[in-house]
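J.: Build me a structure from this.
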Amino acid sequence: MPSIDAALTHAAAAASILAAGELPAEPARRLAVLTCMDARLDVPRMLGLSPGDAHILRNAGGIVTDDVLRSLVLSQWELGTREIMVIQHTRCGVLNLDEDRVKARVEAEMGTRPSFALGGFTDLEASVRASLRRLGESPLLAPGRSARGFVYDVATGRLSEVRDR
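T.: Below is the predicted model:
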């Protein structure tokens, strides 16, 4: 069975168990988590989250992009979140990514070169710090917010906080 069809079958079976209709839209923990789209990261299990606890934002690399800022503006100003966790991880696909190679491959196959940055980085902790810096410099996020950054080790399952130097 194709993956989407299998997911739909599971969703139909789980609908009565997972229905979130009675939960408020505002996350109970007032928490937003930004992390990578990597399928190895089970964020709710990792952080002990239940449905309704937090907003979980995912993208390649778990980096702060314009779209992440857009989502966080709505998360904070409309839905009351105040704390942000940035979680990147070891063995990430965008760590040491050769953006030019990927863009050239897309262009060779599709005839169009991506015009946007793919977000590759070479230093995991520096990337977490850069995302935290971008959050801290944003004039759009709510006052009184806090943001902390972490690295998840996919081999051990441990989270390590990234401190400012």
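
J.: Could you give the bridge partners of the residue nearest to His89 when sequence neighbours are not counted?
T.: Of all residues not flanking His89 in the chain, Tyr152 sits nearest, at 4.1 Å (CB to CB, 6 or more residues apart in numbering). All C-beta atoms are positioned from the backbone trio N, CA, C, and that covers glycine. Here Tyr152 sits in beta bridges with His89, Leu159, going by DSSP bridges.

J.: where along the protein do the strands fall?
T.: 31-36, 54-59, 83-89, 146-152, 159-162 (DSSP state E).

J.: Dump those strands into a markdown table; add distance to Gly136 and mean pLDDT as well.
T.: Shown next, in a markdown table, are the strands of the chain (distance: least, CB to CB, whole Å; pLDDT from 0 to 100):
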| stretch | distance to Gly136 | mean pLDDT |
| --- | --- | --- |
| strand 31-36 | 14 | 97 |
| strand 54-59 | 17 | 98 |
| strand 83-89 | 10 | 97 |
| strand 146-152 | 7 | 95 |
| strand 159-162 | 13 | 96 |
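
J.: what about these, which gets the closest to Val73?
T.: Ranking the strands of the chain by proximity to Val73 (CB to CB) places strand 31-36 first, at 10.7 Å.

J.: Kindly spell out which helices and strands sit in contact with the closest one.
T.: The contact analysis (3 or more CB pairs under 8 Å, 6 or more residues apart in numbering; DSSP states H and E) places strand 31-36 against helix 43-47, strand 54-59, helix 66-77, strand 83-89.

J.: what about 10 Å?
T.: Identification of packing neighbours for strand 31-36 by 3 or more CB pairs under 10 Å, 6 or more residues apart in numbering; DSSP states H and E yields helix 43-47, strand 54-59, helix 66-77, strand 83-89, strand 146-152.

J.: Tell me where the model's unsure across this protein.
T.: Along the chain, the parts satisfying pLDDT under 70 run over 1, 10-11, 13-21, 165.

J.: Thank you, goodbye.
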